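K.L.:
Attaching a predicted model along with its sequence, questions to come.
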Amino acid sequence: MRRRGWIRSALAGAAVVGLLAGCSSNGGDSDHPTIDRVPAAPAPAVTVAPAGSVTPSAAITQLLSEPATGTLVEVTDGANALQLNANGTTRTVALPAKPASLALGKPGEVLVAVPGKVIRVDVATGTTSEIGVDGDVLSAALRPDGTLAVGLANGKVLLLDANGAVQHTISGLVSADAVDASDNHVVVLDQRQTTITQLDLPAHQLGLSLRAGDGATHMIGDHFGRRLVTDTKGGELLVYTADPLVLHQRFPVGSSPYALAYDQRSETVWVTLTGRNEVVGYDLSTGIPVEVGRYPTVRQPNTVTIDSRTGDMFVGSGTGDGLQRIPADQRKRGQ
């Protein structure tokens, strides 16, 4: 990005920080300007056959590929359970409640956020262990040192040690809907304020905050330390880096971008467009995202993930129209 773009992003961040500094740090809605969470745009009927293959499935609400084992982890609507799909077999793992989110844990492990708990699931065996949390857990992230960052519905972020004991509590957000700790920095997406915030870990408080479009819904991190955010209401893909938190790229991507996945093999971010039943890939290596692939999907593509071992993409229908697999060899850069 040109230097002027960096300056604009920094000034925008300073403005947001000034607004947040004038608010109470107790969390909740009363002292913060908020918006309603933005849902996925309703999808039209499918008019083009989905790329790849589709297998029957109930409506899919969560989807994640665990890279160490190649296990596809799936949550369907209304189910208090995980479906673990690996090597042609499926194992069901019962949960105490409907998961709010899934995240990668240690190799072979998935973290499941449910009210009052973070559940660690060994995807090879299906065994579970629970970390009790005082609050409605929306998100969880494993930090490089083995500790956890846990986001709550009341906006608090808990920093837990490797055994699950609370070491610090950071307040000031309205909701901690997504937490990413893919490097040594913890970044939080607050959907209710449509902001992205880096935690000041040495001071155990909120750090720099930036506006995340008009209605952000998802955030993931990549191995470069970037945070990728879909501004569903504003129709944009936002790309940030941390330390300091800077908005590097802001790019219009079309009809209601929603779910995100990153393909490390091809350095491509994939974004579902629920309003068009499509998934689009962007190369971020240049100054702006460059489209490198666009494929028709199952209806209501609310979830997407990449098997990092094979490069295969999986897209889940939020209306029960199936689980779609688009093999890596069908996704050639530049097409």
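P.N.:
Now that the structure is in, tell me what you want to look at.
K.L.:
The nearest residue to residue 134 once chain neighbours are set aside in helix, strand or coil?
P.N.:
The shortest distance from residue 134 to any non-neighbouring residue, by Cβ to Cβ, 6 or more residues apart in numbering, is to residue 116 (7.5 Å). C-beta here means a position set from N, CA and C on the backbone, and glycine is covered the same way. Put simply, residue 116 is strand when judged by DSSP: H, G, I helix; E, B strand; the rest coil.
K.L.:
chain center to stretch 303-320: distance?
P.N.:
In this view, stretch 303-320 has its centroid 13 Å away from the chain centroid, taken as Cα atoms, centre = their mean, to the nearest Å.
K.L.:
typo on my end, it should be stretch 89-105
P.N.:
From the chain centre to the centre of stretch 89-105 is a distance of 16 Å (Cα atoms, centre = their mean).
K.L.:
do the same with stretch 214-228
P.N.:
Relative to its chain's centre, stretch 214-228 lies at 7 Å (Cα atoms, centre = their mean).
K.L.:
Return that stretch as CSV; C-alpha atoms alone will do.
P.N.:
Output in CSV follows, covering the C-alpha atoms of stretch 214-228 (Å, rounded to 0.1, in the frame of the first residue of the first chain):
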residue,chain,number,x,y,z
ASP,A,214,-20.4,-1.0,8.3
GLY,A,215,-21.2,-4.4,9.6
ALA,A,216,-18.4,-7.0,10.1
THR,A,217,-19.2,-10.6,10.6
HIS,A,218,-16.1,-12.8,10.4
MET,A,219,-12.4,-12.5,11.1
ILE,A,220,-9.5,-15.0,10.5
GLY,A,221,-5.8,-14.8,10.7
ASP,A,222,-3.1,-16.1,8.3
HIS,A,223,0.5,-17.1,8.7
PHE,A,224,1.7,-13.6,7.7
GLY,A,225,0.0,-12.2,10.8
ARG,A,226,-2.7,-10.5,8.7
ARG,A,227,-6.3,-10.3,10.0
LEU,A,228,-8.9,-10.8,7.3
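K.L.:
Go through that stretch and flag the buried ones.
P.N.:
Of the residues in stretch 214-228, 215, 216, 217, 218, 219, 220, 221, 222, 225, 226, 227, 228 count as buried by neighbour count, 16 or more other Cβ atoms under 10 Å.
K.L.:
And stretch 191-208, by the same measure?
P.N.:
191-199, 201, 206-208.
K.L.:
measure it end to end?
P.N.:
By Cα to Cα, to the nearest Å, the extent of stretch 191-208 from end to end equals 16 Å.
K.L.:
what sits against the residue nearest to residue 134?
P.N.:
Going by Cβ atoms under 8 Å, 6 or more residues apart in numbering, residue 116 touches 132, 133, 134, 135, 136, 137.
K.L.:
Just put those residues in a markdown table and tack on pLDDT, neighbour count and distance to residue 303.
P.N.:
Output for those, formatted as a markdown table (pLDDT from 0 to 100; neighbours: other Cβ atoms under 10 Å; distance: Cβ to Cβ, whole Å):
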| residue | pLDDT | neighbour count | distance to residue 303 |
| --- | --- | --- | --- |
| 132 | 97 | 8 | 28 |
| 133 | 97 | 21 | 24 |
| 134 | 96 | 11 | 29 |
| 135 | 97 | 17 | 25 |
| 136 | 98 | 16 | 21 |
| 137 | 98 | 27 | 19 |
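K.L.:
Those residues: which two are farthest apart?
P.N.:
132 and 136 (12.9 Å; Cβ to Cβ).
K.L.:
from the buried residues of stretch 191-208, which single one is nearest residue 238?
P.N.:
Nearest to residue 238 among the buried residues of stretch 191-208: residue 196, at 7.9 Å, using Cβ to Cβ.
K.L.:
ok, that closest one touching residue 180?
P.N.:
No: using Cβ atoms under 8 Å, residue 196 is not in contact with residue 180, being 9.4 Å away.
K.L.:
Pull up the overlap in contacts between these two.
P.N.:
Joint contacts of residue 196 and residue 180 (Cβ under 8 Å, 6+ apart) are 187, 188, 189, 219, 227.
K.L.:
from those, which two are the most distant?
P.N.:
Across those, the longest distance by Cβ to Cβ is 9.9 Å; it joins 188 and 227.
K.L.:
residues bridging contact with those two, i.e. touching both?
P.N.:
Residues touching both residue 188 and residue 227 by Cβ under 8 Å, 6+ apart: 180, 196.
K.L.:
Would you mind giving the contacts of residue 116 as CSV with secondary structure added?
P.N.:
Formatted as CSV, the contacts of residue 116 follow (three-state DSSP):
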residue, secondary structure
132, strand
133, strand
134, strand
135, strand
136, strand
137, strand
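K.L.:
Quick one: mean pLDDT for stretch 114-129?
P.N.:
For stretch 114-129, mean pLDDT is 97.
K.L.:
swap in stretch 232-241?
P.N.:
The pLDDT scores in stretch 232-241 average 97.
K.L.:
tell me the phi and psi of residue 328?
P.N.:
Note on residue 328: its backbone torsions stand at phi -60, psi -30 [degrees, to the nearest 10].
K.L.:
So it is in contact with residue 265, correct?
P.N.:
Yes: counting by Cβ under 8 Å, residue 328 touches residue 265, with 7.3 Å between them.
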